[in-house]
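# predicted coordinates and the sequence they were generated for:
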Amino acid sequence: MGAATHEGVTRARFLRFGVGLSICTALPPLAFSQPRTETKMNTRPIPSTHELLPVIGCGTWIGFDVAPGSAEYQRLPGVLDALFAAGGKLIDSSPMYGRAEAITGDLLAASKQRERAFLATKVWTSGREAGIAQMEQSFQRLRAERIDLMQVHNLVDWRTHLKTLRGWQDQGRVRYIGITHYTSSAYAEVEAVLRAEKLDFLQINYSLDAREAGQRLLPLAAERGVAVIVNLPFGGGGLLRRWRDKPLPGWAAEIGCTSWAQVLLKFVLSAPAVTCTIPGTGSPEHMTDNAAAGTGPMPDAAFWQRHAASLAA
């Protein structure tokens, strides 16, 4: 993922959010299903196939890059159990994330829960042969014969890798293909690729204090029929650190939220172009809390504007 700098939220900046989210909400809304009886989490369709994807997943950056046998490692089976128990599916990783891919594969194999997961990972290198070698390694580390989503990480040599991935998609080795980034400095290139290529997924940063994608990329993704995975929904963690000691406002109950994490995740999911968000965690308790944001009502732009003062830093 990489480090990112996030500015503080001011009331004036938050009110300008209404422009970005209003653009998104003005688009023809993506179908949004209430959960079936056996499912606890809301789902949204992947536009290219209409397959339903639960709206909260799990990112593995940092949280899954731990030493096997460590105390942190011992908590990770509980993270996956919490994700699946809540009806979630998507687990996102990358060869950039150290041991995360291998640990994800080991945990899924040990628990025999591979069929419950929507596995997403990335290619992050230059050159055709290097890309193929890295992706083959990801298959081995994840212990997967087929990967649900392979993404070109941070657009590195995207032309080369998308050509390879289209062939693999035709062969059934990968189900979906996409691109990723996490910083607004790359948005112009991301936009150009979205316009030029037929993609299934875009993974991009979007949060209360980083809303540019809502004005520019989310509407384009909806127009192009591209599913959106949101990374850094907590602004890299800064938002939660800022508010963890503040009491939750009374209006949070109106949207079914019992924690600041849930409020921030529902903010992200309020944009109808967003298909899923992937807060990273190595804590079963945090995974359970995050997953709860995928249930119940999703507020609109007017709701957030009414409560802008409560959310100003």
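Arrived safely.

# count of residues packed around D300?
13 (other C-beta atoms under 10 Å). C-beta here means a position set from N, CA and C on the backbone, and glycine is covered the same way.

# so what's the residue of the chain most remote from its centre up against?
Relative to the centre of the chain, the most outlying C-alpha is that of E129, 28.2 Å out, by C-alpha atoms, centre = their mean. Listed by C-beta atoms under 8 Å, 6 or more residues apart in numbering, E129 has no contact partners.

# T121 touches E101, doesn't it?
Yes - counting by C-beta atoms under 8 Å, T121 does reach E101; the two are 6.1 Å apart.

# neighbour count: those two, which is higher?
T121 (31 against 27).

# now the phi/psi pair for that one, please.
T121 has phi and psi values of phi -140, psi -170 when expressed as degrees, to the nearest 10.

# quick one: S185 and W61, what's the gap?
19 Å (C-beta to C-beta, to the nearest Å).

# more neighbours: which of the two?
Set S185 next to W61 and count neighbours by other C-beta under 10 Å: W61 wins out with 20 against 9.

# how about the more buried one, secondary structure?
When classified by DSSP: H, G, I helix; E, B strand; the rest coil, W61 comes out as coil.

# phi, psi for it please.
When quoted as degrees, to the nearest 10, the phi and psi of W61 stand at phi -60, psi 130.

# check the contact between it and R99; I expect there is one.
No - W61 is not in contact with R99 according to C-beta under 8 Å; the separation is 11.4 Å.

# helices along the stretch 51-200 of the chain, start to end?
Counting by DSSP state H, counting those that start in this stretch, the stretch 51-200 of the chain has helices at residues 71-85, 100-111, 128-142, 158-171, 187-196.

# what mean pLDDT would you report for the second one?
By that I understand helix 100-111. Across helix 100-111, pLDDT averages out at 98.

# which parts of it are buried?
A100, E101, A102, I103, T104, G105, D106, L107, L108 (16 or more other C-beta atoms under 10 Å).

# over to the third one?
Taking 16+ other C-beta under 10 Å as the neighbour-count basis, helix 128-142 is seen to contain the buried residues G131, I132, Q134, M135, S138, F139, R141, L142.

# ditto for the fourth one
By neighbour count on 16+ other C-beta under 10 Å, the buried set for helix 158-171 is W158, T160, H161, L162, T164, L165, W168, Q169.

# for it, which outside residues touch it?
Residues outside helix 158-171 that contact it (C-beta under 8 Å, 6+ apart): 123, 126-128, 131-132, 135, 150, 152, 174-177, 179, 193, 197.

# okay, the angle between that helix and helix 128-142?
In terms of direction (axes from the mean of the first three to the mean of the last three C-alpha atoms, to 10 degrees), helix 158-171 departs from helix 128-142 by 50 degrees.

# and helix 158-171, how far out from the chain's middle?
Helix 158-171 sits 22 Å away from the centroid of its parent chain (C-alpha atoms, centre = their mean, to the nearest Å).

# same check, this time on the second one
Taking C-alpha atoms, centre = their mean, one finds the center of helix 100-111 at 19 Å from the center of the full chain.

# could I get the CA-only coordinates of that helix as CSV?
The C-alpha coordinates for helix 100-111 follow below in CSV (Å, rounded to 0.1, in the frame of the first residue of the first chain):
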residue,chain,number,x,y,z
ALA,A,100,0.6,-11.8,4.1
GLU,A,101,-0.1,-13.8,1.0
ALA,A,102,1.5,-17.0,2.4
ILE,A,103,-0.2,-16.6,5.8
THR,A,104,-3.6,-16.1,4.2
GLY,A,105,-3.1,-19.2,2.1
ASP,A,106,-1.9,-21.3,5.1
LEU,A,107,-4.9,-20.1,7.3
LEU,A,108,-7.5,-20.9,4.6
ALA,A,109,-6.0,-24.3,4.0
ALA,A,110,-5.8,-25.2,7.7
SER,A,111,-9.4,-24.1,8.3
